[in-house]
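# quick one, structure for this:
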Amino acid sequence: MHIGTGFLFHVASSAPDPQGFAEQASLIEQSEALGFESIWTSDHAFSRYQTSPNAGQLLAWLAGRTRHALIGSIVSLESWHNPIRIAESLAALDLLSEGRAIFGVGRGLGPIDFEGLQGGNAESGPRIVEYVRAIAGALETGILSSPGPRYKQPPVSIYPRARLSFQGRMYAMIDSPTSARAMAALGFGPLMIANKPWEAVLTEAREYAELFESIHNRVAPPPVLLSLTSVDADPARARAWHDAYAAPYGCQTIDQGGLAEVCGTSKAQGVYQRLRFMKDLQFHGTPLQVVEASIERARSLDAAALINILAMDGMPAEVARRNLVTYARDVLPRLKAIDAHRTIGQAPRQPSAASEMAL
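Predicted coordinates for the structure are as follows:
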């Protein structure tokens, strides 16, 4: 099965930014050689929650540091950026990487992000749908336009033109029935993280697949599953890492969402339930335990790929490196050896309509 890794540029509060970036960059540069088939990053601003303000910029750097691995955005918050610039940047990235780029999108949840950029969180859902529709259309046709109402853009030509079609290389974090319908209509596959009871995750995936098939009359792209993963030959050490680094990430996510007061208090039981599920469903344990859990989850979800975040916020560089190397040595080969049909980026590699028009 396809196994990737993601880097969210978590920089510990005690580490200066140059050190944190250098440590993350060093791990990223090792990932392809260690055998990971895709490398992912994301967008966030104004805090150390994730110091990755421009996924496209990091992916362009990554394109020059890798030769074979797919490169993708876990979440690229399109409502922060001008859609024309995003479409042009993705097309250029597709050329530079020779068709290895994956377009991942999400709405985001943090008021700190939207307020800092003077945008409204309340309308970010509808806005991102219009933005992404315009971008996805431009990648296929070379023409970007949008009728509104939130984003109005007369038709303009996009250059350069994408080398290959992005169909089969587009994924979205789904956070509402409205966004699910919009992303399914555009042909996006679901990008998922287990942050609720596993049966609820399976239900969401099934409902998205049914919606996709009802729109396109074809089978939906299988989900991509993300996990905050801790692995070590010593189960006690793996559990300690899980508790120290994976579990607090859920609380940081809530903090980023403007609900900092619930962390460490007895308020908002629903939030705590979600945090507990998020913590308990992330892969952790010995290599064998992680292999077995990964196989069980991938098969029950019918996932196309597993993406592991192995360098988490607060992890000392030596711990992150050990976690990454242990997974690559003791888990990754076993998973890559089975279920060869579980893969991504394997849609027919036809040229985009835009590239054919440019000939």
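
# which residues of the stretch 201-350 of the chain fall in helices?
Listed in chain order, the helices of the stretch 201-350 of the chain (DSSP state H, counting those that start in this stretch) span residues 235-241, 247-256, 269-280, 287-301, 317-330, 332-336.

# just put those in a markdown table and tack on mean neighbour count, distance to residue 95 and mean pLDDT.
In short, each C-beta sits where N, CA and C put it, glycine included. Below are the helices of the stretch 201-350 of the chain laid out as a markdown table (neighbours: other Cβ atoms under 10 Å; distance: least, Cβ to Cβ, whole Å; pLDDT from 0 to 100):
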| stretch | mean neighbour count | distance to residue 95 | mean pLDDT |
| --- | --- | --- | --- |
| helix 235-241 | 16 | 39 | 97 |
| helix 247-256 | 20 | 34 | 58 |
| helix 269-280 | 16 | 37 | 60 |
| helix 287-301 | 18 | 32 | 98 |
| helix 317-330 | 19 | 29 | 96 |
| helix 332-336 | 17 | 28 | 98 |
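
# closest to residue 103 out of the ones you listed?
Taking Cβ to Cβ, helix 287-301 is the member of these nearest to residue 103, at 21.4 Å.

# ok, back up a step: export the helices of the stretch 201-350 of the chain as a markdown table, with columns for distance to residue 2.
Formatted as a markdown table, these follow (distance: least, Cβ to Cβ, whole Å):
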| stretch | distance to residue 2 |
| --- | --- |
| helix 235-241 | 23 |
| helix 247-256 | 23 |
| helix 269-280 | 23 |
| helix 287-301 | 10 |
| helix 317-330 | 14 |
| helix 332-336 | 8 |
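
# how about the ones you listed, which one is nearest residue 187?
Nearest of the helices of the stretch 201-350 of the chain (Cβ to Cβ): helix 287-301, 19.7 Å.

# quick revisit: of all the helices of the stretch 201-350 of the chain, which one is nearest residue 225?
helix 287-301 (6.0 Å).

# hang on, the earlier thing: so for residue 180, which of the helices of the stretch 201-350 of the chain sits nearest?
It's helix 287-301; of the helices of the stretch 201-350 of the chain, that one is closest to residue 180 (Cβ to Cβ) at 16.2 Å.

# if we can go back for a sec, of the helices of the stretch 201-350 of the chain, which is nearest residue 193?
Comparing these by Cβ to Cβ, helix 269-280 comes nearest, at 7.5 Å.

# returning to what we had before: of all the helices of the stretch 201-350 of the chain, which lies closest to residue 223?
So among these, helix 287-301 is nearest, using Cβ to Cβ, at 5.8 Å.

# and the contacts of the closest one?
1, 192, 194, 198, 201-202, 205, 222-223, 225, 229, 231, 233, 235, 238, 283-285, 303, 306, 326-327, 330-331, 334-335, 338-339, 342 (Cβ atoms under 8 Å, 6 or more residues apart in numbering).

# just stretch 329-343 next, same as before
1-3, 34-37, 222, 231, 233, 287, 290-291, 294-295, 298-299, 303-306.

# at 10 Å instead, please
1-5, 34-38, 70, 222, 229, 231-233, 283, 286-292, 294-295, 298-299, 302-306, 308, 326-327 (Cβ atoms under 10 Å, 6 or more residues apart in numbering).

# bridging residues for residue 102?
residue 72 (DSSP bridges).

# quick one: it and residue 40, what's the gap?
According to Cβ to Cβ, to the nearest Å, residue 102 stands 8 Å off from residue 40.

# just residue 193 next, same as before
Counting by Cβ to Cβ - residue 193 and residue 40 are separated by 12 Å.

# identify the contacts common to the two.
Common neighbours of residue 193 and residue 40 (Cβ under 10 Å, 6+ apart) are 74, 224, 226, 307, 309.

# closest to residue 216 out of these?
residue 224 (18.4 Å).

# OK, contacts around that closest one?
2, 4, 38, 40, 72, 74, 102, 104, 171, 189-193, 301, 303-307, 344.

# among those, which ones are in strands?
2, 4, 38, 40, 72, 74, 102, 104, 171, 189-193, 305-307 (DSSP state E).

# for stretch 176-184, buried residues please.
Residues of stretch 176-184 classed as buried: 179-184 (neighbour count, 16 or more other Cβ atoms under 10 Å).

# max pairwise distance over those residues: which two?
It's 179 and 184 that sit farthest apart of those, by Cβ to Cβ, at 9.3 Å.

# now do the shared contacts for those two.
What both residue 179 and residue 184 touch, as defined by Cβ under 10 Å, 6+ apart, is the set residue 172.

# for the stretch 51-200 of the chain, which segments count as helices?
55-65, 83-96, 111-116, 124-141, 177-185, 198-216.

# any idea which of those helices scores lowest on pLDDT?
Least confident of the helices of the stretch 51-200 of the chain, judged by mean pLDDT, is helix 111-116 with a mean of 56.

# got the end-to-end distance for stretch 146-153?
Taking Cα to Cα, to the nearest Å, stretch 146-153 runs 5 Å from one end to the other.

# one more: stretch 163-178?
31 Å.

# stretch 167-181 now?
With Cα to Cα, one end of stretch 167-181 sits 17 Å from the other.

# where's the nearest residue to residue 159 once chain neighbours are set aside relative to residue 142, distance?
Closest residue in space to residue 159, ignoring its immediate chain neighbours: residue 88 at 6.9 Å, by Cβ to Cβ, 6 or more residues apart in numbering. Separation of residue 88 from residue 142 (Cβ to Cβ): 11 Å.

# name the residues contacting each of these two.
158-162.

# which of those residues lies closest to residue 24?
Nearest to residue 24 among the shared contacts of residue 88 and residue 142, with distances taken as Cβ to Cβ, is residue 162, at 28.0 Å.
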